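>>> Need a 3D model of the sequence below.
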Amino acid sequence: MNTVETSSVSRRDFLKVCSMAAAAVGLPASAAEKMAASVGKKKPSVIWLQFQECTGCTESLLRTGHPDAAELILDLISLDYQETLMAAAGYQAEAALEQAMKDNAGKYILVVEGAIPTKENGAYCVIAGKTAIETTMEAASKAAAIVAIGSCASWGGIPSADPNPTGAVGVSDIVKGKPVVTIPGCPANPYNLLGTVLQFATFGTLPALDDKGRPKFAYSRVIHDDCPRRPHFDAGRFAQRYGDEGSRQGWCLYKIGCKGPQTHANCSLLSFVDTVGAWPIGVGAQCFGCTEKEIGFKVPLFQTVDVQSPTPPAIYTPVNPQAGAVSPVATGVAGLVGGALIGAGLAYGAKLAKVDDEAAANGEKKP
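Predicted coordinates for the structure are as follows:
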């Protein structure tokens with residue numbers, strides 16, 4: 001049986017992982033205990049399909065650190081089919097897929113990585129004699145929940161870029177009648193997937209989704225609002241080209257085509273593979289807008305986009321607050337106020353001196 005008790009992971013470490021997953025999807029700390037109890041009884045079965053993709057989302061999954069790949073695959077979920085990671089191949093691999101769907105019918109979580117080609121009746125992606133369309137429809141019909149991970153599976157991604165020769169589309173264009181959670185990104189952050197899967201396995205619910213099927217906990221804000229370079233945008237400091245002095249000083253990359261002002265994602269808040277700065281803006285490159293269907297791989301690299309939030313958020317302090325010039329009137333008023341304060345201080349000091357002298361003459365102690 002796929003339980004935590006049969007693995008080597010300690011309960012303390014397991015609870016820590018569940019706490020991080022709960023926090024990632026905006027659930028209270030109490031949810032971590034419920035996640036641990038639920039997964040401890042029976043780990044959720046996950047079937048992971050791969051179509052038109054670069055394996056980047058799988059590679060991202062393999063580089064998680066809390067939990068690491070072994071803990072994730074062996075302790076938190078039961079990864080029953082994933083052609084890149086499984087030992088089986090050929091007929092054995094396809095038999096494993098059929099068995100996993102049969103044994104966990106109506107219970108497993110289907111994760112799809114990669115776009116699905118539709119032209120020529122899906123002839124551009126055929127595995128074991130079945131097109132990607134056929135495999136997706138069959139697996140989705142028996143799944144309890146469906147997750148499209150990465151921009152390719154979410155809306156077509158790179159394969160769908162003009163002129164889209166294979167007719168590549170996302171999972172939601174193929175699967176109808178069932179909700180599809182889209183977790184776009186190139187690659188997607190694996191912690192967004194982990195939080196979604198554990199929430200469904202524990203509570204039987206999916207996180208709140210936006211109109212594009214994206215979890216609001218990860219995609220409700222644009223990168224521009226939480227970007228570490230945002231204060232420089234507010235101060236009017238912009239890099240003009242790659243590697244210039246402004247870029248090295250951490251200035252805003254908007255003028256060289258950063259799509260952050262219209263890109264909804266939590267890249268600036270949740271580090272990839274537990275490495276601070278491991279995202280485009282963190283290494284000095286502009287955001288490409290990979291989580292947005294109308295921007296990623298469609299808007300030219302150096303073309304700017306409209307800014308939705310031109311005014312600075314209240315949580316930020318300007319890099320160097322602008323000090324306005326002081327007018328002569330203000331100087332005069334300040335002089336009057338300062339003179340009055342100084343005069344009052346001198347007068348009060350003289351009064352205290354007089355009181356001290358009178359007290360000394362009468363043989364009294366100073367007040």
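
>>> Please name the residues that touch Glu292.
Neighbouring residues of Glu292 by C-beta atoms under 8 Å, 6 or more residues apart in numbering: 184, 259, 262-264. Using the backbone N, CA and C atoms, a C-beta is placed for each residue, glycine as well.

>>> let's go with 10 Å and repeat that
Glu292 makes contact with 151, 155, 184, 212, 219, 222, 259, 262-265, 298-299, 305 under the criterion C-beta atoms under 10 Å, 6 or more residues apart in numbering.

>>> Among those, which one sits closest to Thr205?
Tyr219 (17.6 Å; C-beta to C-beta).

>>> can you count the residues close to the nearest residue to the closest one once chain neighbours are set aside?
Once flanking residues are discounted, Tyr219 sits nearest to His264: 4.4 Å by C-beta to C-beta, 6 or more residues apart in numbering. Neighbour count for His264, taken as other C-beta atoms under 10 Å: 19.

>>> Look up phi and psi at His264.
phi -90, psi 120 (degrees, to the nearest 10).

>>> In this structure it contacts Asp210, no?
Yes: between His264 and Asp210 there is a contact at 7.6 Å, judged by C-beta atoms under 10 Å.

>>> Look up how far Val276 lies from the residue nearest to Tyr219.
Between His264 and Val276 the distance is 21 Å, computed by C-beta to C-beta, to the nearest Å.

>>> next one: Ile174
37 Å.

>>> Show me which of the two is the more surrounded one.
Using other C-beta under 10 Å, the more surrounded residue of Ile174 and Val276 is Ile174, with 19 against 9.

>>> you'd agree the more buried one is up against Ala132?
Yes: when contacts are counted by C-beta under 10 Å, Ile174 is listed as touching Ala132 (8.5 Å).

>>> joint contacts of those two?
112, 116, 118, 122.

>>> any chance you could map the helices in the chain?
For the chain, the helices defined by DSSP state H cover 11-24, 30-41, 56-62, 69-71, 90-103, 132-141, 150-155, 190-203, 216-219, 223-226, 230-234, 245-248, 328-361.

>>> Was I right to think Gln52 contacts Ala153?
Yes: with contact defined as C-beta under 10 Å, Gln52 reaches Ala153; the gap is 9.0 Å.

>>> The two: which is more packed in?
When neighbours are counted by other C-beta under 10 Å, Gln52 and Ala153 differ, and Ala153 comes out ahead with 33 against 22.

>>> For the more buried one, give its distance to Pro187.
In this view, Ala153 and Pro187 are 11 Å apart by C-beta to C-beta.

>>> Phe203 too?
Going from Phe203 to Pro187 by C-beta to C-beta gives 27 Å.

>>> Which one of the two is surrounded by more residues?
Each of Phe203 and Pro187 has its neighbours counted (other C-beta under 10 Å); Pro187 has more, 25 against 13.

>>> Look up how far Cys18 lies from the more buried one.
Applying C-beta to C-beta, the value for Pro187 to Cys18 is 24 Å.

>>> Cheers, nothing more for now.
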